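> Pasting the sequence and the predicted coordinates here, then a few questions.
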Amino acid sequence: MKLHDLSPAEGSTKTKKRVGRGPGSGKGKTAGRGIKGQKSRSGVAINGYEGGQMPLYQRLPKRGFNKPNRKQWAVINLGILQKFIDAGKIDAGTAITEDVLVASGLVRRKLDGVRVLAKGEITSKVDLTVAGASAAAIQMVEKVGGSLSVTTASKAE
């Protein structure tokens with residue numbers, strides 16, 4: 001078999017319909033666009049336009065609210081923190097701050113602060129200082145004998 005012997009499977013390829021190439025093609029003159037009007041011309045973008053009627057996306061009610069000054073947390077779970085401690089990327093003996101978490105690669109960037117959640121298990125005694133934590137996470141860390149201190153005023157925002 002040579003390169004010129006290769007061909008696609010039967011019926012798998014179709015030639016593109018060339019419009020506006022004379023009456024014999026079946027798509028000549030107006031090229032299947034009809035006669036006159038906005039849609040027969042080039043440069044038409046009328047998606048969502050309903051001919052003057054109020055468009056559907058404007059008729060539907062708007063729901064919800066996005067707080068403009070909301071906090072965006074970098075979230076970590078206790079189970080992942082334990083995994084990093086077991087792998088030796090974080091030293092449980094020293095105080096663990098947000099900067100230590102970023103340096104270890106557990107958190108990419110701090111955003112408005114790191115928030116610790118209680119998903120997973122923690123077995124190491126750790127001394128954590130972060131911007132936010134759930135009540136369950138604080139309880140789990142203290143149960144193992146560690147401490148989790150929150151630097152911001154509100155614990156669960």
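Structure received. Residues are numbered from 1 along each chain as shown.
> What does Leu111 show for phi and psi?
The phi/psi pair for Leu111 (degrees, to the nearest 10) reads phi 60, psi -120.
> does it really touch Ala74, like I thought?
Yes: if you go by C-beta atoms under 8 Å, Leu111 and Ala74 touch, sitting 4.8 Å apart. Every residue, glycine included, has its C-beta placed from N, CA and C.
> shared neighbours, those two?
The contact sets of Leu111 and Ala74 do not overlap (C-beta atoms under 8 Å, 6 or more residues apart in numbering).
> which of the two has more neighbours?
Ala74 (20 against 14; other C-beta atoms under 10 Å).
> Assign the more buried one to helix, strand or coil.
Put simply, Ala74 is strand when judged by DSSP: H, G, I helix; E, B strand; the rest coil.
> If it is in a bridge, with which residues?
Counting by DSSP bridges, Ala74 is bridged to Val114.
> isn't it right next to Lys110, touching?
Yes: if you go by C-beta under 8 Å, Ala74 and Lys110 touch, sitting 5.6 Å apart.
> per-residue confidence for Ala156?
pLDDT for Ala156: 48.
> again with Gly93
85.
> So it belongs to a strand, correct?
No: applying three-state DSSP, one finds Gly93 to be coil, outside a strand.
> got any ranges where this structure has weak pLDDT?
153-157 (pLDDT under 70).
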